[in-house]
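Enquirer: Show me how the following folds:
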Amino acid sequence: MSKVIGIDLGTTNSCVSVLEHGEPLVIPNDEGSRTTPSVVAFTREGDRLVGQIARRQAVTNASRTVSVAKRLIGRRYDDDEVQKSLDLVSYTIDRADNGDAWIQVDGKSWSPQQISAIVLEKMKAIAEAYLSEKVTEAVVTVPAYFNDAQRQATKDAGRIAGLDILRIINEPTAAALAYGLGRRGHERVAVFDLGGGTFDVSILEIDNGVFEVRSTNGDTFLGGEDFDNRITSWLVEQFAIETGVSLVGDPVAMQRIKEAAEKAKHELSSTTETEIHLPFVTATPSGPLHLMAELSRARLEGLCADLIDRLEGPCRQALSDARLKPANLDAILLVGGMTRMPRVQEKVAQIFGKAPERGINPDEVVAVGAAIQGSVLKGEVKDVLLLDVTPLSLGIETAGGLFESIIPRNSAIPCRKSKVFTTAQDNQDMVRVHILQGEREFSDDNKSLGHLEMHGLPPAPRGLPEIEVTFELDANGILLVKARDKGTGKAQSLKVISNSGLSDGAIEQMIGDAEQFRDHDAERRNVAESRNRLDGLIYTTRRSLDEYSELLDVADDRAIRDALTIAERAMTARDRATVAHAHEGLAVAAQRIAESIYASARNGPSSDDHGGNGPTLALGGELVDDE
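Expert: Modelled structure (predicted):
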């Protein structure tokens with residue numbers, strides 16, 4: 001039975017884990033790192049780079065390097081959060097035909113689902129390389145406050161990547177699973193998850209392997225990227241004050257400053273002051289200009305004071321929804337890289353009245369929890385039961401465009417709830433049930449999930465008919481809506497599977513494109529491996545030629561040097577056949593060096609007076625003569 005992997009698809013970094021022999025294991029990537037940047041880049045030659053290699057080249061290829069795509073997934077272009085991103089990224093965000101936010105690179109449109117799928121493919125490949133088997137199933141985590149469209153978009157990204165997403169679970173819930181695995185007794189914990197792009201807080205009750213989510217809240221547009229952007233804006237402003245030159249609009253300079261800002265933020269978690277030095281950040285007719293600045297921890301905290309203040313509201317609301325006080329909690333778990341910031345830790349202690357736990361790795365714990373949930377679903381782990389909640393209210397539109405909640409937020413799932421409604425007009429022969437998700441008072445401000453229509457109602461004065469609307473929400477977040485006229489017994493139902501903005505046809509097309517890229521990437525990998533072998537042969541041949549050239553006759557020396565020239569030209573080739581042909585030619589030519597060395601040794605004087613015809617090699621226990 002193939003393994004189920006757990007993937008933390010992060011805004012800044014992603015991580016993959018698996019359970020082996022009952023113990024969770026975080027799988028390192030091909031560079032030895034346990035997390036991989038969620039960055040995708042497209043080169044001028046049409047190649048696709050993922051992870052650290054994509055991040056490294058971002059300065060010189062800023063407009064083709066896509067990061068923080070998770071902030072766009074499942075969002076409309078007109079969303080306030082998307083509009084805030086337009087000036088903060090180096091690539092172009094555009095409006096798709098369906099109104100969603102898509103990404104433009106060199107005139108080609110990419111959905112955030114496709115970019116996320118490329119990252120998921122990388123996680124899949126890391127796991128397959130470690131396990132030495134094909135991986136097809138995964139549990140993927142999302143921010144607890146993701147709405148239905150964002151969750152479905154994440155599942156679509158998995159489909160495009162060739163993964164069957166068995167379950168989408170909330171990141172704080174996954175962290176609690178990792179924390180509580182194997183623990184016995186009763187605990188109430190708060191999971192405070194501040195990552196690269198999102199903030200979540202969940203209150204859970206753990207009781208002898210039963211994990212019950214009591215409440216969840218958060219902000220899907222608050223994270224480390226916002227802290228980085230504050231530092232970046234401050235550096236650009238300081239540079240403009242000192243030099244009179246604005247760096248806004250210079251993608252290379254802005255990318256360098258953003259990377260320096262992130263590095264400074266990390267350093268200020270362990271020191272009180274850091275120096276930022278970027279030589280040759282730009283140039284004017286009078287010469288190059290350099291950026292130099294000193295940033296203190298106190299200054300950083302001042303720049304980000306309002307961001308830190310925004311952490312308190314969701315925490316208080318989650319406690320209120322769980323009907324608990326901070327004193328009722330046994331532990332506070334910190335998740336996400338931004339929780340390493342000392343001021344954030346101080347804020348957590350201030351909100352909850354106790355210091356947070358420090359025994360978990362905030363970068364890896366979510367992926368570990370996802371792997372545990374995957375093993376639970378496959379029956380490999382049997383003493384764990386997860387009871388999650390719906391993060392946002394589900395309801396319908398009523399007269400006047402008002403939103404009426406049927407399943408309130410933080411309701412345990414699976415669940416089934418009903419409410420009775422009536423008609424708004426006399427002799428109304430049909431009702432349209434507009435299904436919505438959100439927390440706003442008016443339906444237009446919430447997310448539309450679909451419509452259900454029921455026809456054939458008998459003529460009646462308004463207010464007389466009784467229409468019972470029932471919502472059934474299963475553990476996978478699939479919503480079944482039923483409407484029944486209590487007078488006639490007529491009923492209608494609709495299964496609501498949220499649309500991420502991509503049609504089934506579009507998803508299938510993207511799956512095909514991904515398959516094509518997988519073949520292309522495999523070919524590129526084969527070419528790269530062939531080039532590596534050829535490079536090694538070039539090195540050893542040239543070294544041997546320099547050392548033993550006096551033993552070669554003129555024809556052999558010329559043949560080897562010609563083969564070296566062909567091989568060095570082939571190092572830039574993009575097809576494996578050319579590289580392989582050059583490798584074969586050089587290997588054959590290089591053999592003449594060894595032949596000349598042994599011929600010289602055989603024919604030359606020997607200090608021990610042994611000739612070249614003695615026994616020289618033992619094979620299979622027998623002596624073999626060299627002739």
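
Enquirer: The closest residue to residue 464 other than its chain neighbours: neighbour count?
Expert: For residue 464, ignoring the flanking residues on the chain, the nearest one in space by CB to CB, 6 or more residues apart in numbering is residue 422 at 6.9 Å. For glycine as for every other residue, the C-beta is placed from the backbone atoms N, C-alpha and C. By other CB atoms under 10 Å, the residues close to residue 422 number 16.

Enquirer: Can you pull the phi/psi pair for residue 422?
Expert: Main-chain torsions, residue 422, degrees, to the nearest 10: phi -140, psi 180.

Enquirer: give the contact list for it.
Expert: Contact analysis of residue 422 by CB atoms under 8 Å, 6 or more residues apart in numbering lists 462-467.

Enquirer: Same check on residue 192?
Expert: Applying CB under 8 Å, 6+ apart, the residues contacting residue 192 are 172, 201, 315, 332-335, 339, 348, 356.

Enquirer: let's see 10 Å
Expert: 172, 175, 199-202, 218, 311, 314-315, 318, 332-336, 339, 344-345, 347-348, 351-352, 356, 362 (CB atoms under 10 Å, 6 or more residues apart in numbering).

Enquirer: what about the strands in the stretch 201-350 of the chain?
Expert: Taking DSSP state E, counting those that start in this stretch as the criterion, the stretch 201-350 of the chain contains strands spanning 210-219, 273-284, 287-296, 331-335.

Enquirer: Now do the first one, average pLDDT.
Expert: The average pLDDT for strand 210-219 rounds to 92.

Enquirer: Now that strand - C-alpha only, CSV.
Expert: Extracted C-alpha coordinates of strand 210-219, given in CSV (Å, rounded to 0.1, in the frame of the first residue of the first chain):
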residue,chain,number,x,y,z
VAL,A,210,-9.6,12.8,20.5
PHE,A,211,-8.8,16.2,19.0
GLU,A,212,-11.8,18.4,19.1
VAL,A,213,-11.6,21.9,17.5
ARG,A,214,-13.6,24.3,19.7
SER,A,215,-13.2,27.4,17.6
THR,A,216,-11.1,29.0,14.9
ASN,A,217,-10.4,32.5,13.7
GLY,A,218,-7.8,34.4,11.8
ASP,A,219,-6.8,36.8,9.0
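
Enquirer: what about residue 133, neighbour count?
Expert: Residue 133: 10 neighbours (other CB under 10 Å).

Enquirer: Could you report the distance from it to residue 354?
Expert: Separation of residue 133 from residue 354 (CB to CB, to the nearest Å): 44 Å.

Enquirer: same check, this time on residue 98
Expert: Taking CB to CB, one finds residue 98 at 47 Å from residue 354.

Enquirer: Surely residue 451 is in contact with residue 430?
Expert: No: using CB atoms under 10 Å, residue 451 makes no contact with residue 430, being 11.6 Å away.

Enquirer: Looking at those two, which one has more neighbours?
Expert: Using other CB under 10 Å, the more surrounded residue of residue 451 and residue 430 is residue 451, with 14 against 10.

Enquirer: Now do the contacts for the more buried one.
Expert: Counted by CB under 10 Å, 6+ apart, residue 451 has contacts 396-397, 432-435, 481, 494, 496.

Enquirer: at 8 Å what do you get?
Expert: Here residue 451 is in contact with 432-435, 494 (CB under 8 Å, 6+ apart).

Enquirer: what's the closest of those to residue 73?
Expert: Closest approach between those and residue 73, by CB to CB: residue 435, at 21.6 Å.

Enquirer: what kind of secondary structure is that closest one in?
Expert: Classification of residue 435 by DSSP: H, G, I helix; E, B strand; the rest coil places it in strand.

Enquirer: Enumerate the beta-bridge partners assigned to it.
Expert: residue 396, residue 450 (DSSP bridges).

Enquirer: neighbours around the residue nearest to residue 208 when sequence neighbours are not counted, how many?
Expert: Spatial nearest neighbour of residue 208, chain neighbours left out: residue 184 (5.7 Å); criterion: CB to CB, 6+ apart. Look at residue 184: counted by other CB under 10 Å, it has 11 neighbours.

Enquirer: what's the answer for residue 369, then?
Expert: Residue 369, neighbours per other CB under 10 Å, totals 34.

Enquirer: The closest residue to it other than its chain neighbours and residue 143: what is the separation?
Expert: Excluding the flanking residues, the one nearest residue 369 by CB to CB, 6+ apart is residue 174, at 3.0 Å. Counting by CB to CB, the gap from residue 174 to residue 143 is 11 Å.

Enquirer: Find the helix or strand that residue 41 is a member of.
Expert: Using DSSP states H and E, the element containing residue 41 is strand 40-42.

Enquirer: who's in contact with that strand?
Expert: Here strand 40-42 makes contact (CB under 8 Å, 6+ apart) with 48-50, 53-54, 57-58, 61, 64-67, 69, 105-106, 115, 118-119.

Enquirer: Go through those and flag which are in helices.
Expert: Counting by DSSP state H, the part of those found in helices is 53-54, 115, 118-119.
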